[in-house]
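Participant: With the input below, show me the fold.
(one chain, ligands or ions: 1)
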Amino acid sequence: MSDTSPIVQRKPSEFAVPAGVFAETVTSVEHYTDRLFRFRITRPPSFRFRSGEFVMIGLPNADKPVYRAYSIASPSWDEEIEFFSIKVPDGPLTEHLQKIQVGDTILMRKKPTGTLVNDALLPGKRVYMFSTGTGIAPFASLIRDPETYEKFNEVILTHTCREVSELRYGQELVKGCLEDPLVGEFANGRLRHYTSITREDYPTRGRITDLMVSGKLFDDLGVPAINPEDDRGMICGSMAMLNDTKEMLEGFGLVEGANNKPATFVVERAFVD
Ligand code: A2P
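Facilitator: Residues are numbered from 1 along each chain as shown. This next block holds a predicted model:
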C-alpha cells in the first residue's frame, strides 16, 4: 500500500530557492493505482518548453534536494504543468513525492530538454507514439498540442501496461483530448488510442513488439505495416522496451533522428523506474 503520511516540507519562505530553479505550488494530485499518480503544479510565466520535453524536479525537503528527470505531460500551451509518476517504495525522490498534497512546493529546474519533440521528426502521414507504463507522459503532452496534427494526418498512441488499472490515466487523457474545445477539433477522427495488457485478461493481450511481429497491431488499426515513406515513430518506456522497439522500427527501415538531425523515429527513456 502507498504510504499516505504527509511529507515534511519546507515552504519557500523557509529556504533559499537555488539559482536556476523554480519553486512551484502543487495544484492537484490524483492517485490511479498503488504504483501510479498524476500531479499538476503552477507554471512560472517565464517557463517555456516544447511539447514532449522533460525537466528535472525535486522537493525542498533536504539541503541538497534529489532531482529526477520527468517528462512534462501537459502541452506547451497549458497554464499549469502536469506530471505522471510511478511510486517507487524506496525511490530517493518518489518515496516522498508520492505523498505530496495540494499547496506543497515542487522544485523545478529552469531548463527543459528532450528528443521526443515534433522538431526531431520529418513530416509524415502517420506518427506512432509507442509507450509502456509512465512512458505515456511525453505523449500526453504531444497529443494535446495542435502542432502535432499540423505535422501528421494520423496520430496513433499505443500504451501497454501490465495491468488494466494502469491504463486509466491514458484513457481519461484521450477522452479529455477529444472533448477539449481547442484540441478536439484537430484530434477527432485522427487520434487513435491502442491499448494492450500483458499480465491480465484484456481484449488485446501482449507486448507492443509482439503485436508488431504478428501484424496484429496493423490489422487491428486497418493500416499497412510501418514504412519509412508514410510512418514516423516516437518511443518511450523502459530501457529494454526502447531497445526492442527501436530495433523493430529499424527493421521497418526507419532511422533515428535528433533535434539537430530530424529523421523518421526518436527515442527517450521513461526515466524514473
Ligand atoms: P511484460 O509484462 O511482458 O514485462 P514495466 O512496468 O516493467 O516497464 O512494463 C510495462 C509494460 O511494458 C509491460 O506490459 C511489459 O510487459 C512491457 N515490456 C517490458 N519489457 C518490454 C520490452 N522489452 N519490449 C516491449 N514491451 C516490454
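Participant: Get me the contact residues on this structure for the ligand.
Facilitator: Within the chain, the residues that sit near the ligand (CB under 6 Å from any ligand atom) are 132-133, 160-162, 198-199, 207-209, 237-238, 240-241, 244. (Glycine included, C-beta is placed from N, CA and C.)
Participant: Return the subset of those lying in helices.
Facilitator: Under the assignment DSSP state H, the residues of the chain next to the ligand contribute 208-209, 240-241, 244 to helices.
Participant: Nearest residue to the middle of this protein?
Facilitator: Computing the C-alpha centroid of the chain and ranking residues by CA atoms, centre = their mean puts Ala137 first, at 1.3 Å.
Participant: on that earlier part again, most neighbours of all the ones in helices among the residues of the chain next to the ligand, which one?
Facilitator: Counting neighbours by other CB atoms under 10 Å, the top entry in these is Ile208, with 25 neighbours.
Participant: what pLDDT does that residue get?
Facilitator: The per-residue pLDDT reported for Ile208 equals 98.
Participant: residues contacting it?
Facilitator: 130, 132, 158, 160, 196, 217, 241, 245 (CB atoms under 8 Å, 6 or more residues apart in numbering).
Participant: what comes up buried for stretch 46-54?
Facilitator: 47, 49-54 (16 or more other CB atoms under 10 Å).
Participant: again, but for stretch 198-214
Facilitator: Within stretch 198-214, the residues scored as buried using 16+ other CB under 10 Å are 206, 208-209, 211-212.
Participant: Tabulate those residues (TSV), appending distance to Gly257.
Facilitator: Below are those laid out as TSV (distance: CB to CB, whole Å):
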residue	distance to Gly257
Gly206	28
Ile208	20
Thr209	20
Leu211	24
Met212	20
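Participant: between the residues you listed, which is closest to the ligand?
Facilitator: Thr209 (4.4 Å; CB to the nearest ligand atom).
Participant: Quick check: phi and psi at the nearest residue to Glu147 once chain neighbours are set aside.
Facilitator: Distances taken as CB to CB, 6 or more residues apart in numbering place Asn118 nearest to Glu147, at 5.7 Å, with adjacent residues excluded. The phi/psi pair for Asn118 (degrees, to the nearest 10) reads phi -60, psi -30.
Participant: what residues are up against Asn118?
Facilitator: 50-52, 142, 145, 147-148, 151.
Participant: For it, give its distance to Arg40.
Facilitator: Taking CB to CB, to the nearest Å as the measure, Asn118 falls 23 Å from Arg40.
Participant: same question, Lys246
Facilitator: 31 Å.
Participant: Kindly report the same for His31.
Facilitator: From His31 to Arg40 the distance is 13 Å (CB to CB).
Participant: try Leu221
Facilitator: On the measure of CB to CB, Leu221 and Arg40 end up 32 Å apart.
Participant: Can you pick out the residue with more neighbours from these two?
Facilitator: Higher neighbour count among Leu221 and Arg40: Arg40, with 22 against 15, using other CB under 10 Å.
Participant: tell me which element that one is part of?
Facilitator: strand 36-42 (DSSP states H and E).
Participant: Could I get the pLDDT score of Arg192?
Facilitator: pLDDT, Arg192: 98.
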